[in-house]
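>>> I would like to see how this sequence folds:
(one chain, ligands or ions: 1)
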Amino acid sequence: MSSDFIRIDKASLTYGEEGGVLALQDIDLTLKQGEFLAVVGPSGCGKSTLLKLISGLRPPTGGSVTVSGQTVTGPLKIVGMAFQNPTLLPWRTALENVLLPLEVVDPHRRRFRADRRTYENKARKLLGTVGLTGFEDHYPWQLSGGMQQRVSLCRALIHEPALLMLDEPFGALDTFTREELWEALQALWLERRFTTLLVTHDLQEAAMLADRIIVISHRPGRISAECPVSFPRPRALDLRFAPDFNALLHDVRAKIDVARQVPLSGGAA
Ligand SMILES: Nc1ncnc2c1ncn2[C@@H]1O[C@H](COP(=O)(O)OP(=O)(O)OP(=O)(O)O)[C@@H](O)[C@H]1O
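Alright, predicted model coming up:
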């Protein structure tokens with residue numbers, strides 16, 4: 001891994017005008033290219049806000065955010081995103097949903113118009129990687145929740161983003177489907193090594209997938225702890241039963257319990 005791909009220096013973010021909600025305060029964070037970071041912490045601590053800050057959807061109200069050597073001043077084009085709700089367009093097939101970013105994100109838009117066939121093949125291959133061969137022409141209502149989330153993951157990756165932001169992407173799925181999607185995501189990440197930020201409430205998910213877990217404290221969000229995850233990859237689901245794995249979960253859980261305590265001072269709103 002090379003130099004820092006993401007660098008956040010003393011960044012804060014307040015929603016609204018003066019006296020608004022101080023969501024994040026004095027965040028210092030660096031990520032190497034290709035690193036997989038999981039972000040955990042109590043509800044409302046600022047996890048989603050951290051993704052918005054890095055992707056340029058919200059400017060910091062203090063400090064700075066740099067991605068790939070450039071200060072972030074607006075929405076980045078190198079980002080792919082997937083959320084808890086797959087938000088597929090119901091009138092488009094799985095394949096057409098995956099192709100959507102290519103129709104709107106430059107510089108792909110022009111190339112896509114000129115060479116739709118190549119991009120369609122790419123989308124079919126991606127859908128195949130997550131086990132959706134044969135479902136390319138199905139509409140979202142013909143797919144299960146887990147299948148829709150796989151399509152959403154493919155849509156986030158079709159333009160080969162350098163940075164993938166996942167905000168509780170598997171939170172609404174049953175345990176077995178979620179585990180299948182961990183495997184699918186791990187396989188894609190091992191193949192492409194996109195730098196990834198994963199917001200999750202599921203500590204097993206964080207430990208199965210990430211290189212490092214950061215804990216954000218009760219609002220105003222600050223990074224209150226960091227835990228490296230050193231299990232070799234590929235990580236099989238059986239890892240969940242290993243003593244080391246469970247020791248890590250206990251450690252992270254204890255750090256979240258500390259992070260959940262309401263600060264007695266030092267934070268607005
Ligand atoms: N658009 C907004 N305007 C005002 N306040 C906001 C806005 N978005 C988030 N907040 C506030 O900022 C704080 C952090 O929100 P954020 O969504 O980042 O938390 P989170 O850790 O992702 O929460 P959860 O785990 O519940 O999804 C919360 O107190 C929230 O109410």
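>>> only C-alpha atoms for contact and neighbour calcs from this point on.
Will do.
>>> what sits against the most centrally placed residue in the chain?
Nearest to the geometric centre of the chain sits residue 166, at 2.2 Å (C-alpha atoms, centre = their mean). Neighbouring residues of residue 166 by C-alpha atoms under 8 Å, 6 or more residues apart in numbering: 81, 82, 83, 196, 197, 198, 199.
>>> and it, what pLDDT?
Model confidence at residue 166, expressed as pLDDT, equals 96.
>>> any chance of the contacts of residue 166 in a markdown table, plus secondary structure and neighbour count?
Shown next, in a markdown table, are those (DSSP: H, G, I helix; E, B strand; the rest coil; neighbours: other C-alpha atoms under 10 Å):
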| residue | secondary structure | neighbour count |
| --- | --- | --- |
| 81 | strand | 21 |
| 82 | strand | 24 |
| 83 | strand | 19 |
| 196 | strand | 25 |
| 197 | strand | 23 |
| 198 | strand | 26 |
| 199 | strand | 26 |
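>>> which one of these sits closest to residue 234?
Nearest to residue 234 out of those is residue 196 (C-alpha to C-alpha; 16.3 Å).
>>> ok, what's across the strand from that closest one?
As for beta bridges, residue 196 partners with residue 36, residue 164 under DSSP bridges.
>>> interface residues of this protein facing the ligand?
By C-alpha under 6 Å from any ligand atom, the residues of the chain that approach the ligand are 15, 21, 23, 43, 44, 45, 46, 47, 48, 49.
>>> among the residues you listed, which ones are buried?
Neighbour counting with 16 or more other C-alpha atoms under 10 Å marks 21, 23, 45, 46, 47, 48, 49 as buried within the residues of the chain next to the ligand.
>>> follow-up on the earlier one: farthest pair within the contacts of residue 166?
83 and 196, at 13.4 Å, using C-alpha to C-alpha across those.
>>> the nearest residue to residue 59 once chain neighbours are set aside: neighbouring residues, count only.
Of all residues not flanking residue 59 in the chain, residue 53 sits nearest, at 6.0 Å (C-alpha to C-alpha, 6 or more residues apart in numbering). The tally of other residues near residue 53 (other C-alpha atoms under 10 Å) stands at 25.
>>> what does residue 181 give?
Per other C-alpha under 10 Å, the neighbour tally for residue 181 reads 22.
>>> I figured it was touching residue 150, is that so?
Yes. Between residue 181 and residue 150 there is a contact under C-alpha atoms under 8 Å: 7.4 Å.
>>> who touches both of these two?
By C-alpha under 8 Å, 6+ apart, residue 181 and residue 150 have these common neighbours: residue 130.
>>> okay if I get the contacts of residue 166 as CSV plus distance to residue 94 and pLDDT?
Output for the contacts of residue 166, formatted as CSV (distance: C-alpha to C-alpha, whole Å; pLDDT from 0 to 100):
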residue, distance to residue 94, pLDDT
81, 17, 92
82, 15, 92
83, 17, 89
196, 23, 98
197, 25, 98
198, 23, 98
199, 25, 97
